[in-house]
Structure formats: C-alpha cells, structure tokens
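Q: Whatever this is, show me its structure:
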Amino acid sequence: MCSMQRTTKTTKQTAAETYAARHAECADLLKRIASRLEQHKASQAQEPANWGYAGDLGRVTEELAYVLASLGDRSAVDAKGLEY
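A: All right, here's what the predicted structure looks like:
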C-alpha cells in the first residue's frame with residue numbers, strides 16, 4: 001500500500017476557455033479524419049473489389065451522421081433512417 005498522499009490540482013477555467021480548447025480539438029480531429037479518409041481511399045484504390053473498405057465507410061458515415069445531429073443538424077440521421 002502506498003503511503004503517499006494524493007493532491008488534487010484545481011484550476012478554474014471559464015466556459016469560453018473550455019469551449020475554445022474543445023473547438024480547437026474538434027478542428028484538429030477533423031483535419032486528422034480528412035487525412036485518414038484520403039489514405040483509406042488510396043488503400044481502396046489498390047483493392048477495388050474489396051468490400052471491406054465500403055463497409056468501413058458505411059460505419060463511418062453513420063457515426064458522422066450522429067456527430068452532425070449532436071451539433072443540431074439531424075438531416076443525415078433522418079436520411080439514413082437512424083434513431084437519434
């Protein structure tokens with residue numbers, strides 16, 4: 001058993017600061033998604049008969065539809081007939 005005492009660091013961050021940090025994180029994730037999507041496309045081009053790539057994107061489009069709905073636009077989930 002460890003006898004060290006834990007300390008908790010508390011910082012006060014405003015809603016605006018937290019929003020800005022999370023917005024930047026979202027922007028970074030979107031850039032990374034775009035990059036990976038292009039890599040996925042290149043991989044699919046090497047194996048055009050492989051249905052796995054199409055399956056991957058089926059799942060990704062559903063997940064992105066849910067993300068879009070979380071931001072206030074249900075059009076993609078509605079078009080796909082997904083429950084939200």
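Q: Need the pLDDT of residue 4.
A: Here, the pLDDT recorded for residue 4 equals 60.
Q: I meant to write residue 7 there.
A: pLDDT at residue 7 comes out at 62.
Q: Ok, residue 84 next?
A: pLDDT at residue 84 comes out at 94.
Q: for the strand or helix carrying residue 22, packing partners?
A: Following DSSP states H and E, one finds residue 22 within helix 15-46. Here helix 15-46 touches helix 51-70, going by 3 or more C-beta pairs under 8 Å, 6 or more residues apart in numbering; DSSP states H and E. For the C-beta atoms, the positions are set from N, CA and C on the backbone; glycine is no exception.
Q: which residues touch the residue positioned nearest the centre of the chain?
A: With distances taken as C-alpha atoms, centre = their mean, the residue of the chain nearest its centroid is residue 29 (6.5 Å). Residue 29 sits next to no residue when contact means C-beta atoms under 8 Å, 6 or more residues apart in numbering.
Q: Leaving out the residues flanking it, which one is nearest to residue 75?
A: residue 68 (7.4 Å; C-beta to C-beta, 6 or more residues apart in numbering).
Q: Let me know whether the one you found touches residue 76 as I believe.
A: Yes. Residue 68 sits in contact with residue 76 when judged by C-beta atoms under 8 Å, with a separation of 5.0 Å.
Q: Looking at those two, which has the bigger crowd around it?
A: residue 76 (17 against 14; other C-beta atoms under 10 Å).
Q: Contact partners for the more buried one?
A: 61, 64, 65, 68, 69.
Q: before we move on, the earlier item: chain center to the helix holding residue 22: distance?
A: 7 Å (C-alpha atoms, centre = their mean, to the nearest Å).
Q: Okay, angle between it and helix 51-70 too, please.
A: 160 degrees (axes from the mean of the first three to the mean of the last three C-alpha atoms, to 10 degrees).
Q: buried residues in helix 15-46?
A: Judged by neighbour count (16 or more other C-beta atoms under 10 Å), helix 15-46 contains these buried residues: residue 44.
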